[in-house]
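Novice: generate a structure from the sequence data that follows.
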Amino acid sequence: MHILLVDNTNTYPSLLAKSFSANEVTVVPWHEIGNVEVSNFDCAVLSGSSNFPVTGNEDEMSDELALIQTATFPILGICYGFELVVVAFGGRLKMMPKKEQGVSEMTVLNDDPILRGIEKLFVYEGHRWVADSLPDSLIPLAKSAHGIEGVRHKTRLVYGFQFHPEKLLRETEGHKILENFVSIVHDDKLQQP
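Specialist: Have a look, this model is predicted:
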């Protein structure tokens with residue numbers, strides 16, 4: 001499987017790439033995504049970022065937002081990638097009073113294959129933004145005390161998680177989410193003509 005990993009200036013892009021090391025991973029900086037032939041990939045993973053917020057920078061992020069809106073393959077947005085997914089489909093974000101950092105327990109809101117095998121969802125968080133409102137096209141999958149932290153598109157295999165499933169793999173269920181995403185992509189490939 002060939003994964004397009006969009007690096008949104010993630011602090012640890014190699015950690016995310018390592019999470020998918022059993023697959024072919026091509027890392028592309030966010031500002032070069034408009035030059036990529038996406039049909040060469042089976043899915044995309046959108047990384048976190050410590051660069052600048054999505055809100056107020058939609059024009060700068062227009063190529064990545066367009067990828068989310070038009071791609072015909074599965075997408076997984078992580079942290080900043082989650083925020084891009086929310087905004088791409090018409091949702092809104094708001095800044096929290098202080099940064100959320102550390103391991104937290106999420107409440108699972110809806111059953112989905114990406115959460116298969118997870119009874120209690122403990123994850124690593126490190127973010128300042130939260131979804132303020134979701135568009136009708138996104139189904140909430142998980143929430144914390146701060147708001148919705150996991151979504152899936154109603155008709156497409158587009159996922160987003162505000163938390164970091166690639167961090168603290170031994171202490172959290174993040175690895176199961178990543179493994180389940182790979183299985184979803186594999187199953188999607190088998191259904192293609």
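Novice: gap between residue 121 and residue 159?
Specialist: Distance of residue 121 to residue 159, given as Cβ to Cβ, to the nearest Å: 14 Å. From N, CA and C alone the C-beta is placed, and that goes for glycine too.
Novice: counting neighbours, go ahead and name the busier of the two.
Specialist: Using other Cβ atoms under 10 Å as the criterion, residue 121 and residue 159 rank with residue 159 on top: 28 against 24.
Novice: hang on, the more buried one is in a helix, isn't it?
Specialist: No: Residue 159 is assigned strand when assessed by DSSP: H, G, I helix; E, B strand; the rest coil, not a helix.
Novice: tell me the SS of the closest residue to residue 135 other than its chain neighbours?
Specialist: Of all residues not flanking residue 135 in the chain, residue 90 sits nearest, at 3.9 Å (Cβ to Cβ, 6 or more residues apart in numbering). Look at residue 90: counting by three-state DSSP, its state is coil.
Novice: wait, residue 160 touches residue 142, no?
Specialist: No: using Cβ atoms under 8 Å, residue 160 is not in contact with residue 142, being 10.4 Å away.
Novice: ok, the residue nearest to residue 135 to residue 137 distance?
Specialist: 7 Å.
Novice: who has more neighbours, the two?
Specialist: Neighbours around residue 90 and residue 137, counted as other Cβ under 10 Å, are more numerous at residue 137. The numbers are 16 against 12.
Novice: just the pLDDT for the spatially closest residue to the more buried one that is not a sequence neighbour.
Specialist: With Cβ to Cβ, 6+ apart as the criterion, residue 137 has its nearest non-adjacent residue at 4.9 Å, and that residue is residue 89. What the model reports as pLDDT for residue 89 is 97.
Novice: pretty sure residue 89 contacts residue 135?
Specialist: Yes: with contact defined as Cβ under 8 Å, residue 89 reaches residue 135; the gap is 4.6 Å.
Novice: which elements pack onto the biggest helix by length in the chain?
Specialist: Identified as the longest helix of the chain according to DSSP state H is helix 174-191. Judged by 3 or more Cβ pairs under 8 Å, 6 or more residues apart in numbering; DSSP states H and E, helix 174-191 is in contact with strand 43-46.
Novice: helix or strand next in line after the strand it packs on, which one?
Specialist: Next helix or strand after strand 43-46 toward the C-terminus (DSSP states H and E): helix 62-70.
Novice: output that following helix in PDB, but only the C-alpha positions, please.
Specialist: Provided in PDB are the C-alpha atoms of helix 62-70 (Å, rounded to 0.1, in the frame of the first residue of the first chain):
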ATOM      1  CA  SER A  62      -6.400  25.700  -0.200                       C
ATOM      2  CA  ASP A  63      -4.600  22.800  -1.900                       C
ATOM      3  CA  GLU A  64      -4.800  20.600   1.100                       C
ATOM      4  CA  LEU A  65      -8.400  21.600   1.700                       C
ATOM      5  CA  ALA A  66      -9.200  20.700  -1.900                       C
ATOM      6  CA  LEU A  67      -7.500  17.300  -1.500                       C
ATOM      7  CA  ILE A  68      -9.800  16.600   1.400                       C
ATOM      8  CA  GLN A  69     -12.800  17.700  -0.500                       C
ATOM      9  CA  THR A  70     -12.100  15.800  -3.700                       C
END
